[in-house]
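Participant: When you get a sec, could you give me coordinates for this:
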Amino acid sequence: MKITLLSILAAVPLFAQETAAQNPPQGGGIGAFLPFILLFVVMYLFFIRPKSKEMKKMEEMRKAMKKGDEVMTFAGIMGIVHQIDDTTVTLRTGSSTIKFQKAAIQSIVTSAPSDSKEEVKEEAK
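Facilitator: As a prediction, this is how the structure comes out:
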């Protein structure tokens, strides 16, 4: 898709030169800005809008994260959520705990049940 868009953008000046030679320019107006407007609309539809939707979806996933969820970071580290703060998450990986920014969490692999066994064990202690 990038190649197609680049080839179209590269061909635009060629067409503009041909039409300029055939028809002398007749004033500016909105017609002069039409290619830029169309380019912005295409960029919005194919690049900006999908990226903003993806970012909203990731933010909702991070807000829904809870203690006991198994998550994966962008670095590929998998662990179980041990503690959640405003901007950080502490993951338990094996026998160690690692603190990450919430933005480093890529996905929730498995969600913890509402009354997890770990919470019951902690309450019993």
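
Participant: Mark out where each domain of the protein begins and ends.
Facilitator: The chain breaks down by automatic domain parsing into domains covering 2-60, 65-111.

Participant: Run through this structure and note the low-pLDDT ranges.
Facilitator: Low-confidence segments of the chain (pLDDT under 70): 1-28, 114-125.

Participant: Would you state the helices of it in chain order?
Facilitator: 2-22, 34-43, 49-64, 117-124 (DSSP state H).

Participant: Just the C-alpha atoms of stretch 50-69, please, in CSV.
Facilitator: Output of stretch 50-69 as CSV, limited to C-alpha atoms (Å, rounded to 0.1, in the frame of the first residue of the first chain):
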residue,chain,number,x,y,z
PRO,A,50,-6.9,3.5,13.1
LYS,A,51,-4.0,4.4,15.3
SER,A,52,-6.2,6.4,17.7
LYS,A,53,-8.7,3.6,17.9
GLU,A,54,-5.9,1.1,18.7
MET,A,55,-4.6,3.5,21.4
LYS,A,56,-8.0,3.8,23.0
LYS,A,57,-8.4,0.0,23.0
MET,A,58,-5.0,-0.5,24.7
GLU,A,59,-5.9,2.2,27.3
GLU,A,60,-9.2,0.4,28.1
MET,A,61,-7.3,-2.9,28.4
ARG,A,62,-4.8,-1.4,30.9
LYS,A,63,-7.6,0.1,33.0
ALA,A,64,-9.4,-3.2,33.1
MET,A,65,-6.2,-5.0,34.3
LYS,A,66,-6.5,-6.5,37.8
LYS,A,67,-4.5,-8.4,40.3
GLY,A,68,-3.9,-12.0,39.3
ASP,A,69,-4.1,-11.4,35.5
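
Participant: Thanks a lot, catch you later.
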